[in-house]
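[1] predicted coordinates and the sequence they were generated for:
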Amino acid sequence: MRAWHDVPWGQDVREYFRAVMKIREGSKEKRELHKATGLLLADRLLYSAVHYPANYGVIPQSYCADGDPLDVLVLSQVPLAPLSIARCRAIGAIRMSDEDGEDDKIIAVHIDDPQYAHYRDVSELPPHTMDEVKRFFVDHKEEVNVGRIVGHAEAEQLVENALGIYEEKKAEHTGPDRPT
C-alpha cells in the first residue's frame, strides 16, 4: 500500500480528512515519502536546536505545484508514529514558498484527541504556538518565505484545491508519479 495514492483522504474536508504521518513531533530526523513505494526515506538530520514543533505528514490523494502531496502539521498531545493515519481538521495554514515555488503548510488538529478536538480556527491557539511553528520553518530551510497565517476557511480551500488537482492528474495519467 502506498501512503500517497492508496489511503483514502476522507469525504468532506470540513468534517475531517486523513493525514499520513512522516515525522513525529520533537524529532530531528527529516523524512520524505518515497513516492514509488510509499515508504519513508530518511532524508537528513536537522542541526542545532531545531526540531519538529508538531507531527508532520501529508494529505493522501492531494497534489501540489511542487509535485508532492500537501503537507500538514497535526497538533496532538502525543507524538504520532511515522506512517500512522490520523483523522484531522484544518484550522489554518501558513502560506509559504521556497526554491520550488508554493509550499503551503496546513495546520490541523487531530480530531480524536480531546485536548485539541475543540479547536476550529488557528486564531484560537495560544499565540506562541504559531510563533514556534513559523520560527521552525525559518530555521529549518535556508531559502524559504514564511508568509501569512490564514484561517480555517482558506485552509479548507487549499486542501480542496490539492485534492482536485490530484483527481485531474489521475484522470490525465501524467507524470512519473502518476496515481494508479
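    Sure, I can see it.

[2] specify the beta-bridge partners of the nearest residue to Val72 once chain neighbours are set aside.
    What sits nearest to Val72 in space, not counting adjacent residues and going by C-beta to C-beta, 6 or more residues apart in numbering, is Ile106, at 4.3 Å. Every residue, glycine included, has its C-beta placed from N, CA and C. Counting by DSSP bridges, Ile106 is bridged to Val72, Ala93.

[3] same check on the one 4 residues further on?
    Beta-bridge pairing of His110, defined through DSSP bridges, involves Cys88.

[4] that one: how many residues sit nearby?
    Number of residues near His110 (other C-beta atoms under 10 Å) recorded here: 23.

[5] how close does it sit to His5?
    23 Å (C-beta to C-beta, to the nearest Å).

[6] same question, Val138
    Val138 is 32 Å from His5, by C-beta to C-beta.

[7] these two: which has the busier surroundings?
    A direct count of neighbours by other C-beta under 10 Å for Val138 and His5 places His5 higher, at 17 against 12.

[8] is the more buried one located within a strand, as I assumed?
    No: going by DSSP: H, G, I helix; E, B strand; the rest coil, the assignment for His5 is coil, not a strand.
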